[in-house]
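>>> Build the 3D model from these lines:
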Amino acid sequence: MKKKPILNGKALPEGSHQANVGREKNDIAADDGYPVESKKVWLDKQEVMQRMHISSRTLQKWRSRKMIPYSKIDGKIYYRESDLQELLLRHLQ
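Model (predicted):
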């Protein structure tokens, strides 16, 4: 029997993919100004490196320095798209 991935103590629904966990059609902006749907979008290491134009080592440094939160599922690390946006905003100011 295959283990179900667990995120924040809850099993992910069958057929979930890292980029669209729980995405809903009618998501609206949250109190912090980010669309609710961007809070639900999870990216893997490769997607983050491509979007941010950074190396694997840079991403590892960000994790070790606790600059960006992440979740580990079955040994694979995922990042929320909204956390990447917040990181960019913090360092652009």
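>>> okay, CA-based contacts and neighbour counts for the rest of this
Fine.
>>> what sits up against the lengthiest strand in the chain?
Using DSSP state E, we find that the single longest strand of the chain is strand 76-80. Outside strand 76-80, the residues within contact range by C-alpha atoms under 8 Å, 6 or more residues apart in numbering are 18, 38-45, 48, 68-72.
>>> average pLDDT for it?
Strand 76-80 shows an average pLDDT of 95 in the prediction.
>>> after it comes which helix or strand?
Proceeding N to C from strand 76-80, the next assigned helix or strand is helix 81-92, under DSSP states H and E.
>>> For that next one, name the packing helices and strands.
helix 36-40 (3 or more C-alpha pairs under 8 Å, 6 or more residues apart in numbering; DSSP states H and E).
>>> What residues sit buried inside stretch 81-93?
Buried residues in stretch 81-93, counted by 16 or more other C-alpha atoms under 10 Å: 81-84.
>>> Closest one to residue 54 out of these, please.
residue 84 (12.4 Å; C-alpha to C-alpha).
>>> Was I right to think that closest one contacts residue 67?
No. Using C-alpha atoms under 8 Å, residue 84 is not in contact with residue 67; the gap is 9.7 Å.
>>> so where do the strands sit in the protein?
Per DSSP E, the chain carries strands over the ranges 6-7, 10-11, 42-44, 71-73, 76-80.
>>> quick one, which of the ones you listed is packed in tightest?
Across the strands of the chain, averaging neighbours per residue (mean count of other C-alpha atoms under 10 Å) puts strand 42-44 on top, at a mean of 21.
>>> List the neighbouring strands of it plus their orientation.
strand 76-80 (antiparallel) (DSSP bridges).
>>> now the closest residue to residue 72 other than its chain neighbours: how far from residue 93?
The shortest distance from residue 72 to any non-neighbouring residue, by C-alpha to C-alpha, 6 or more residues apart in numbering, is to residue 78 (6.2 Å). As judged by C-alpha to C-alpha, to the nearest Å, residue 78 and residue 93 stand 26 Å apart.
>>> ok, now residue 47?
Distance from residue 47 to residue 93, by C-alpha to C-alpha: 24 Å.
>>> any low-confidence regions in the chain?
1-39 (pLDDT under 70).
>>> what do you get if the cut-off is 50, keeping everything else the same?
Low-confidence segments of the chain (pLDDT under 50): 6, 8-9, 13, 15-28.
>>> Please consider this matter closed, and thank you.
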